[in-house]
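Enquirer: Next one to model:
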Amino acid sequence: MPAIDVILLMLVAVCAVTDLRGGRIHNWATAPAAAAGLALGLALDGPGGLWLGLQGLLLGLGLLLIPYLGGHVGAGDVKLLGAVGALKGPAFVLYAGLWGAVAGGVLALAILAWRGSLAVSLRHVGLCLMYRNTGAVNLSGAGMPYALPIAAGVLVTYLVW
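Expert: Numbering: from 1, shown residues only. Purely as a prediction, here's the structure:
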């Protein structure tokens, strides 16, 4: 298994655990992983590899920027997806981000069902749509560990890549 893949899988595993346990994704995990992705890209593929890593980093950060600004994900989630992009490039992080969004939706619905508030939340969404209310609806509730959907998105992308 290439070093980049080992770093990637360790990164998402560590971040999923720390997010689950403490609600945080730490810079000590994401920053070195992003730097390693850029350095390995340069070492293995020269300037072109560095450029792909930079594109992946920026795309990964950008994919979660709007949800972050809206208060729906934390800064650690944004940096985690950026590190994934630095390690694997823009195409991989795009698919991982999309699969992560699907996994996040499933996880949000599961959390709501477990809390017994799924029907109320879906009714609220229906009312918002019916009355064209543009206010954001947070289906997940505060504090959903979004590193889990990111990790799931990475794993699905890795398996089908």
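Enquirer: C-alpha from now on. contacts and neighbour counts both.
Expert: OK.
Enquirer: where does residue 125 land on pLDDT?
Expert: Looking at residue 125, its pLDDT is 64.
Enquirer: same check, this time on residue 128
Expert: On pLDDT, residue 128 comes in at 58.
Enquirer: Can you name the element that comes right after the helix or strand of the chain with the lowest mean pLDDT?
Expert: Sorting the helices and strands of the chain by mean pLDDT, DSSP states H and E puts helix 118-130 at the bottom, at a mean of 65. Under the assignment DSSP states H and E, the closest C-terminal helix or strand after helix 118-130 is helix 147-160.
Enquirer: Return the list of helices and strands in contact with whichever helix in the chain runs longest.
Expert: Selection of the longest helix in the chain by residue count, based on DSSP state H, yields helix 27-63. Judged by 3 or more CA pairs under 8 Å, 6 or more residues apart in numbering; DSSP states H and E, helix 27-63 is in contact with helix 3-22, helix 75-88, helix 90-115.
Enquirer: now that helix and helix 90-115, what's the angle there?
Expert: Here helix 27-63 runs at an angle of 100 degrees relative to helix 90-115 (axes from the mean of the first three to the mean of the last three CA atoms, to 10 degrees).
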